[in-house]
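> fold the following.
(4 chains)
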4 protein chains.
Amino acid sequence: MSSMMKAAVFVAAGRVEIAEKPIPDVGPNDALIRITTTTICGTDVHILKGEYPVAPGLTIGHEPVGIIEKLGSAVSGYQEGQRVIAGAICPNFNSYAAQDGVASQDGSYLIASGKCGCHGYKATAGWRFGNLIDGTQAEYVLVPDAQANLSPIPDGLTDEQVLMCPDIMSTGFKGAENANIRIGDTVVVFAQGPIGLCATAGARLLGATTIIAVDGNDHRLGISRLMGADITLNFTQCDVVDEVMKLTGGRGADSAIEALGTQQTFASALRVLKPGGTLSSLGVYSSDLTIPLGAFAAGLGDHKINTALCPGGKERMRRLMGVIASGRVDLGPLVTHQYALDDIEAAYDLFAHQRDGVLKIAIRP
Amino acid sequence: MSSMMKAAVFVAAGRVEIAEKPIPDVGPNDALIRITTTTICGTDVHILKGEYPVAPGLTIGHEPVGIIEKLGSAVSGYQEGQRVIAGAICPNFNSYAAQDGVASQDGSYLIASGKCGCHGYKATAGWRFGNLIDGTQAEYVLVPDAQANLSPIPDGLTDEQVLMCPDIMSTGFKGAENANIRIGDTVVVFAQGPIGLCATAGARLLGATTIIAVDGNDHRLGISRLMGADITLNFTQCDVVDEVMKLTGGRGADSAIEALGTQQTFASALRVLKPGGTLSSLGVYSSDLTIPLGAFAAGLGDHKINTALCPGGKERMRRLMGVIASGRVDLGPLVTHQYALDDIEAAYDLFAHQRDGVLKIAIRP
Amino acid sequence: MSSMMKAAVFVAAGRVEIAEKPIPDVGPNDALIRITTTTICGTDVHILKGEYPVAPGLTIGHEPVGIIEKLGSAVSGYQEGQRVIAGAICPNFNSYAAQDGVASQDGSYLIASGKCGCHGYKATAGWRFGNLIDGTQAEYVLVPDAQANLSPIPDGLTDEQVLMCPDIMSTGFKGAENANIRIGDTVVVFAQGPIGLCATAGARLLGATTIIAVDGNDHRLGISRLMGADITLNFTQCDVVDEVMKLTGGRGADSAIEALGTQQTFASALRVLKPGGTLSSLGVYSSDLTIPLGAFAAGLGDHKINTALCPGGKERMRRLMGVIASGRVDLGPLVTHQYALDDIEAAYDLFAHQRDGVLKIAIRP
Amino acid sequence: MSSMMKAAVFVAAGRVEIAEKPIPDVGPNDALIRITTTTICGTDVHILKGEYPVAPGLTIGHEPVGIIEKLGSAVSGYQEGQRVIAGAICPNFNSYAAQDGVASQDGSYLIASGKCGCHGYKATAGWRFGNLIDGTQAEYVLVPDAQANLSPIPDGLTDEQVLMCPDIMSTGFKGAENANIRIGDTVVVFAQGPIGLCATAGARLLGATTIIAVDGNDHRLGISRLMGADITLNFTQCDVVDEVMKLTGGRGADSAIEALGTQQTFASALRVLKPGGTLSSLGVYSSDLTIPLGAFAAGLGDHKINTALCPGGKERMRRLMGVIASGRVDLGPLVTHQYALDDIEAAYDLFAHQRDGVLKIAIRP
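Residues are numbered from 1 along each chain as shown, chains lettered A, B, ... in the order given. Down below sits the predicted model:
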């Protein structure tokens, strides 16, 4: 094994390039994974564009599927050569935050020397790959807290079948889990990109029986039906709030899931709700949000607004892969393209411009 | 018994007057209550000022303490002459909304003839007294759905001791209940008017061990200590967000309760939260709200925002009166003034101008 | 309309007969329903055999599908002639119990004159039809608290399609709802009679991805696959606890649902659980139960045991009929036989002896 | 520092003796703690008597208060010399069980080589000190997974003040947390030993307003009033079930907490419940349990039975010490005696025979 590897690194705004980097050393609680498949996320495009700041030279990407190359001395219960995934969010489960129920919000070992004495949670700090540490768009990635984060791939599942588990599926499903869905509910899912499609699939799994998928792209709305939507609304062709009120006999939806990150979808998600309904927000917003007074019933509507960062950890990954293995959900239609790691710049170009019906791209070193 | 009674009616913006009205007839599911004590709420001041529209001629007020004068033919389990209260929100517990868990959001029997077929919940429509039907600032009030809403006053409790139960205590406690408080939590309560003071008392009852009360009035902050606050912050004298971060070692608060209804308190409540924290909102807002992007972690902070309308019903009232009877909470300090119903215009004047350290006024016909 | 009707009444242990009874008068909160379809439940067989005591002369049966013949004067939002169902459990939603979250446990208006003053909940007292008041195996039934309990049948659904909603489906689904199911869970359902089959369907709706159905009858196990079971175990041919441990890699099941009411199924349900798992019990037991010490981890296993009585009310019925209308679940295979009301004695004979693969029988006046 | 230390080891049934043992080596994720105070638990007495099997030669005890002597190479955020505690249950938070919400049920790194591939949770395997590994009744103890389990003692708190946090307080409070307590509830706590007393304090913290403590010892009942009980019942002088029914007007208790581990207390806890009530069980049972059919409403009472093993982890300990620091609860009255480690055999004798009003004994090396 050479001591060097190829990796896609952020160079400057507008530039992600393949570079040579040393294969990292393995500490006692780490694992070195040889990447067999990874993918590009919308967040990576924000990084590429310079909209989300990361250190120049950082390897980006946060969705690892691969093979254990080397285990840290204190990691047990795994074998080198085993096929594994890890979550996009790779939490330190020994942290106060994790024990307090919000593992994704803490990378406390990184800030343990801080003035505040290590109690403080840093929002989104559980997201480490391609953000705080080198990521997965490379030949190898070092997984921290490997005992907590490595999850063996069940026999019979391909890389592509589990490629959505680390991020898209975990996030989309969390959107459904955060929506307080009960059997027989009406749920409206705003935006049917990869995360919205997974939210639709998650709402179906949780017993919603009227799932209304909203997007401006009929092709995506077609896929949303495969994922479990009962009704699709193209917002360029109808007034979504009016339609939901008609479809529910004036009652409003029990829940709405926002999966885009815009003021418009956020406000519409609130407007379709019944009093007492839940808005589950998944989007990454880029400016202050406005809550419309009327839709909010001036604060008296018994509404709930829940946000989430993608959950990680080996148990989460085990469950999600179990869902795939059960055949309940087939995320195959989401992987629309294939590229070699060497060609990742072209893949970024395709993905950033959303050409050719792209949803997700499998990247293989 | 005369067939006429005195009542405080809304005449026009700026005018609430004592008028003579017929004592109402009692339908099969109603009860006629002779009011012995009621009070004025901030909402009534909004009505007085014409900021919240009600029909001219409507009797206002929504906090009934009194004696059963007459029971509807289908109401059982009560006796005429019994001392009772009913909630400010007097829900129809037979409604879809109530069976769906949000009783306060429905007055469905009033809208049953609507086009939508009676499924639709109307936000806040469970609030009927002094809003949709004649209220409690009168010699008599008709309680609808009496079987669900009349709650006998335990022996030994005075009118004044239970006067906060119908609204202020139920609302403030709901703010605490909605805050996901666990033993050992840090909770910040923004504004220490009557509802905020009850939220403080509720947070204490639920096991928060660091309760930080915020207001601009030192007198109210003094009372908040009686209600259970551990620390008080006068926002005119410190930066509240900074102080909370210092007090929690950089961790942030587990929960924040907003009890005023302004943009500033709402934003501050979000800013003091830890990632994963809960904002429980009680305020009645008067314009669109802005969610600051940073405090919201761009939507990725695992935050929860919960709103509520005051819960009603005889079981809720039974519990709240039980809390008073237990001695765990003494809301005596909240009733600062006494007026006769005939003098209610003066009472409104005092209350609207918040003179003389007024918190709540007992009104007696 | 004649003033008399036919009804199946309990005469004495072993005797249920068709008798003539007066059509009941309609009080202000009642509704008279003309039954178009009803069915026989296992509980009715216990009544027939004298194992569950009811008053001689009582009309039995508790699953009403029919048409509103006459509405009480205080009931609004419905029309005479409308097709409706009501739950087998027909709660008084104005009761303390209902407002306290356990509507099925209270028929308080019936015991309001009791010594305890009307606060006490009576276990199972929400079950009124064919238990405390005349039931549904008749030409007409009087529905109490009609405003809370009548639920209109959506257009396009047949009597047979909604016949399971009042009891079997509501109970079986509650068993799944009580099992704390999360996406990706393994759930074992013990016994695949009508309620167990509905529990299987409910577990599927809630996101369990490994559903293991257990019964001794291969025909029923075949139907359980239609309802959503992934794996079936015939307990006469294998050791169920061993099999579940093998199927879960030694982990144990996340939840187990007991749907029979015997010591053996209860103990097995506990034995298949992982530490931290939930036993959701639906069975009606006929003697004291034993909790085996080892399976219970001596009380230290973080186990949960939840029991339930069938939930009722118009909102519950609305949701369940919505599930049927969505096509997510087809309970058609459960209605195996058809009888006229006049032939109900033969139907009881068939059902009590479980002949001819009977699951549920549609009874039509 | 010598390489040897004194430790109380289990020799054989009936014999716990002070022995010399090597001070353990410190692995990368461990911490060596110099014990300054520990205590004896009822479980230790079971071990002493040979009723609970541990390996001969094992150091027993599981309640550590001490000073960090040496940190493992991979443990950060602490300083040697810092005062800390760790939970009696010292979980591996990287385990599947912990990520699945039941940290106390897994010591998976110990069983990682098992055939089942490390997915299986072992009930109570999170309890390691004095059970699976050397315990705390010694001069030094090695804390595994130190990053997750060490919790710094806040300035100003003495050893004695935090001595109950690792086990008794965490367990008793969990009993209250598992009881589904809402503001205004009636809670009955069966047995007022140290754990029951902490359950009483926990119920008080969570908003129960009628707390009924049951024991046969008037001295303990006196202390239960200090912990928050409103009413005490000596079961040798009254029929507890009858009394609770009288005190609640026939309604029954909302919750009951079992804190002894006998058939009688378990059955009584079920009998005092309202339909829909929760039995929170803390006791360690020594034989199969019987659920009485009537109290269980034949399985139809919407009852819940929850069990628990003491929660551990640094966040739990942080919260509990915060409760002590807040002054909300003073567990001082529970520490009734003081012994040197050298005299621990005498301490066991006193504690095992419950002489001299002993509740808990502080043991100091």
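
> tell me the secondary structure for the residue of the stretch 201-350 of chain A found nearest chain D?
For the stretch 201-350 of chain A, the residue closest to chain D is A:E315, as judged by Cβ to the nearest Cβ, at 3.6 Å. All C-beta spots, glycine's among them, are computed from the backbone N, C-alpha and C. Of the three states, A:E315 takes helix according to DSSP: H, G, I helix; E, B strand; the rest coil.

> same thing with A:I363?
The three-state assignment at A:I363 reads strand, by three-state DSSP.

> in terms of pLDDT, where does it sit?
Here, the pLDDT recorded for A:I363 equals 98.

> run through the residues that contact the nearest residue to it once chain neighbours are set aside.
Leaving aside its chain neighbours, A:I363 sits nearest to A:T38 (5.0 Å; criterion: Cβ to Cβ, 6 or more residues apart in numbering or on different chains). Counting by Cβ atoms under 8 Å, 6 or more residues apart in numbering or on different chains, A:T38 touches A:61, A:63-65, A:136-137, A:163, A:363, A:365.

> A:L273: neighbour count?
The number of residues packed near A:L273 is 26, by other Cβ atoms under 10 Å in any protein chain shown.

> now it: how far from chain C?
Separation of A:L273 from chain C (Cβ to the nearest Cβ, to the nearest Å): 17 Å.

> the helix-or-strand element of chain A with minimal mean pLDDT: what's the following helix or strand?
Sorting the helices and strands of chain A by mean pLDDT, DSSP states H and E puts helix A:108-111 at the bottom, at a mean of 44. Once helix A:108-111 ends, the next helix or strand along the chain (criterion: DSSP states H and E) is strand A:140-143.

> contacts made by that following strand with the rest, please.
Contacts of strand A:140-143 from elsewhere in the structure, counted by Cβ under 8 Å, 6+ apart, are A:5, A:23-24, A:26, A:30-35, A:59, A:64, A:66, A:69, A:86, A:90, A:129, A:133-135, A:149-150.

> helices of chain A, start to end?
Assigned by DSSP state H, the helices in chain A fall at A:42-48, A:96-99, A:108-111, A:146-149, A:159-162, A:170-177, A:194-205, A:218-227, A:240-247, A:263-271, A:314-326, A:344-352.

> what lies in contact with the fourth one?
What it means is helix A:146-149. The contact list for helix A:146-149, computed with Cβ under 8 Å, 6+ apart, reads A:29-31, A:71-72, A:74-78, A:86-87, A:90-94, A:143, A:312-314, D:93-94, D:99, D:109.

> could you flag which of those are buried?
A:29-31, A:71-72, A:74-75, A:77-78, A:86-87, A:90-94, A:143, A:312-314, D:93-94, D:99, D:109 (16 or more other Cβ atoms under 10 Å in any protein chain shown).

> hmm, back to that, show the pLDDT at the residue of the stretch 201-350 of chain A closest to chain D.
Here, the pLDDT recorded for A:E315 equals 96.

> please name the nearest non-neighbouring residue to it.
Closest residue to A:E315 apart from its sequence neighbours, by Cβ to Cβ, 6+ apart: D:Q99 at 3.6 Å.

> looking at it, the one you found is touching A:G313, isn't it?
Yes - judged on Cβ atoms under 8 Å, D:Q99 makes contact with A:G313 at a distance of 4.6 Å.

> who touches both of those two?
With Cβ under 8 Å, 6+ apart, D:Q99 and A:G313 have common neighbours A:93, A:103, A:148.

> so the second one sits right up against A:K314, yeah?
No - counting by Cβ under 8 Å, A:A103 does not reach A:K314; the two are 11.5 Å apart.

> spit out the residues that contact those two alike.
D:Q99.

> distance between the ends of stretch A:199-214?
For stretch A:199-214, the first-to-last residue distance is 12 Å (Cα to Cα, to the nearest Å).

> near chain C at all, it?
Yes - interface with chain C: stretch A:199-214 contributes A:202, A:205-207, A:209-210 (Cβ under 8 Å from any Cβ of the partner chain).

> mind putting those into a markdown table with pLDDT, neighbour count and distance to chain B?
A markdown table is the format used below for the residues of stretch A:199-214 next to chain C (pLDDT from 0 to 100; neighbours: other Cβ atoms under 10 Å in any protein chain shown; distance: Cβ to the nearest Cβ, whole Å):
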| residue | pLDDT | neighbour count | distance to chain B |
| --- | --- | --- | --- |
| A:G202 | 98 | 33 | 17 |
| A:L205 | 98 | 25 | 21 |
| A:L206 | 98 | 24 | 17 |
| A:G207 | 98 | 24 | 15 |
| A:T209 | 97 | 23 | 15 |
| A:T210 | 98 | 21 | 13 |
